[in-house]
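[1] could you look at this predicted model? Sequence included:
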Amino acid sequence: MKFNPDADLDTSGVEDTRGSGGGGGLIPGGMGIPVGGGIGGIILLVIVLLLNGGIPGVGGSGAEAPTGQNTAPGNLASCQKGTDLANNPDCRFVFYQNSIQGFWAAELPRRGKKYTRAPMRVFEGSVNTGCGAASSAVGPFYCPPDMRVYLDLGFFETLQTELGARGGNFAEAYVVAHEYGHHIQNLYGYLARIKTRQGPTSDAVRSELQADCLAGIWTNHATTVPDRDGDTFIEGLTEDDIARGLDAAAAVGDDRIQQQTQGRVTPENFSHGTAEQRMKWFKTGMDSGDMSACDTWSTRDL
C-alpha cells in the first residue's frame, strides 16, 4: 500500500484520546447502550467488527508504513502532511480515514444523498460513547447515536495473533472502511432495519456483509480520492494488498472464529457471516465499485 508523501492530511475528523482517561464523557442524547459482544458480536445497533493488523512494513512515506505498538498518546494530531508518516507510522490511520471519508463525502452527493461526516475516535483501554462504555476487548466499532468510528489501535496487533490473519496496512484500512460502511448504512436507514440478530440469514449478517461490500467499493476508488489540493492520499494498491484484505475478511468470518474459540460451528449464532461470504461481498464491492451491487437485504444467495 503506497501512501502519497505529498498528501495534505486533515486531522479535524480524527479524535486521538489515548492517554486522556477514556476519551471523554457520555455524549448527550446517546442511547446509553453498552457496547459489547466480543468476537463476532452485535448488540442492538452497535456494530462490532474485529479485525487484525500489525505486520511490520518496509518503509515510510510513499511505501508500506510500519505497523505495531503505539507509543505516543495523542500523536495523530501531528499528522499534517504525508511526509509525517516517516516519523510517525500511526499517521497511516489518518490516511485511511481521510481517503475513506473523502470518497463517501463525494459519492453520496453525486447520488443525491447528503453526507454527514463521521469522526474517528482513537482510544486505548476503554472509552465512553453515545452507545455506552466500551473496552478495547470489543474491537473496532461504529456507534450510530454519536456517528463515530471507534478504534483501539493496539487491538489490531492482538487480533492478528489471536485470529491468525496476515495483517498489514491494507488489512487495517479494510476494518476502517468497514466501519465507515456502517456509517453509510446509518445515513440510508439500513441499521434501523436490523430486527433479527442471529442466524445465517439474519438482518445482522446482512448488515455486516453489506458493510464489507461498501468497504470494497471504497477499495475500487481508493487510489483516486484527492486531498484539498488534488493530490491522492493513496498512490497504489498491489495484488498482495488485496489478498491481505480478503484474508482479513475471511479471518473474521463467524465460522472461522467459532471454530477457533469453541471448536465447532453453530450457524444459528452467526452475526457477521462466514469467511467465504465476507470475502465474496468485499470482492463484489471492489469489482463493481457501485453501491447498487451491495444489496444484501433482498438477495437469497448470501
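    Yep, it's here. Numbers count the residues shown, from 1 in each chain.

[2] three-state assignment of Tyr134?
    Let me fix one detail, which is that residue 134 is Ala and not Tyr. Under DSSP: H, G, I helix; E, B strand; the rest coil, Ala134 falls in the strand class.

[3] so how far is Gln160 from it?
    Computed as Cβ to Cβ, to the nearest Å, the Ala134 to Gln160 distance reads 20 Å. For every residue, glycine as well, the C-beta is placed using N, CA and C.

[4] ok, residues contacting stretch 173-184?
    By Cβ atoms under 8 Å, 6 or more residues apart in numbering, the list of residues contacting stretch 173-184 from outside reads 1, 47, 49, 51, 53, 93, 96-97, 99-101, 104, 108, 118, 120, 140-142, 144, 147, 149, 151, 156, 191, 207, 210-215, 218-219, 222, 245, 248-249, 282.

[5] equivalent analysis for stretch 244-256, please.
    Residues beyond stretch 244-256 that count as contacts (Cβ under 8 Å, 6+ apart) turn out to be 39-40, 49-53, 163-168, 170-171, 173-175, 205, 212, 219, 265, 267, 269-279, 282-283.

[6] with adjacent residues omitted, what lies nearest to Leu163?
    The spatial neighbour of Leu163 that comes closest, neighbours along the chain excluded (Cβ to Cβ, 6 or more residues apart in numbering), is Ala251 at 4.6 Å.

[7] the one you found: how many residues sit nearby?
    Other residues near Ala251 come to 24 when the count uses other Cβ atoms under 10 Å.

[8] Arg264 now?
    Other residues lying near Arg264 total 8 when counted by other Cβ under 10 Å.

[9] correct me, but it touches Gln258?
    Yes - the pair Arg264 and Gln258 passes the contact test of Cβ atoms under 8 Å, sitting 6.8 Å apart.

[10] what do those two both touch?
    Where contact means Cβ under 8 Å, 6+ apart, no residue is in contact with each of Arg264 and Gln258.

[11] burial measure for Ile234, as a count.
    Close neighbours of Ile234, defined as other Cβ under 10 Å, add up to 24.

[12] report the beta-bridge partners for it.
    Counting by DSSP bridges, Ile234 is bridged to Phe3.

[13] residue contacts, it?
    Shown in contact with Ile234 (Cβ under 8 Å, 6+ apart): Met1, Lys2, Phe3, Asn4, Phe95, Ser99, Ala222, Thr223, Val225.

[14] who wins for neighbours among those residues?
    Ranked by neighbours (other Cβ under 10 Å), the contacts of Ile234 are led by Phe3, which has 28 neighbours.

[15] how far away is the residue nearest to the spatial centre of the chain from Gly253?
    Residue closest to the average C-alpha location in the chain (Cα atoms, centre = their mean): Val176, at 2.2 Å. In this structure, Val176 lies at 19 Å from Gly253, with Cβ to Cβ as the measure.

[16] where exactly do the helices run in this protein?
    Assignment of helices within the chain using DSSP state H yields the ranges 92-110, 154-163, 169-188, 203-221, 239-251, 254-262, 275-288.

[17] turn those helices into a markdown table, including distance to Gly125 and mean pLDDT.
    Rendered in a markdown table, the data for those read as follows (distance: least, Cβ to Cβ, whole Å; pLDDT from 0 to 100):
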| stretch | distance to Gly125 | mean pLDDT |
| --- | --- | --- |
| helix 92-110 | 17 | 98 |
| helix 154-163 | 9 | 74 |
| helix 169-188 | 19 | 96 |
| helix 203-221 | 26 | 97 |
| helix 239-251 | 24 | 94 |
| helix 254-262 | 23 | 91 |
| helix 275-288 | 28 | 98 |
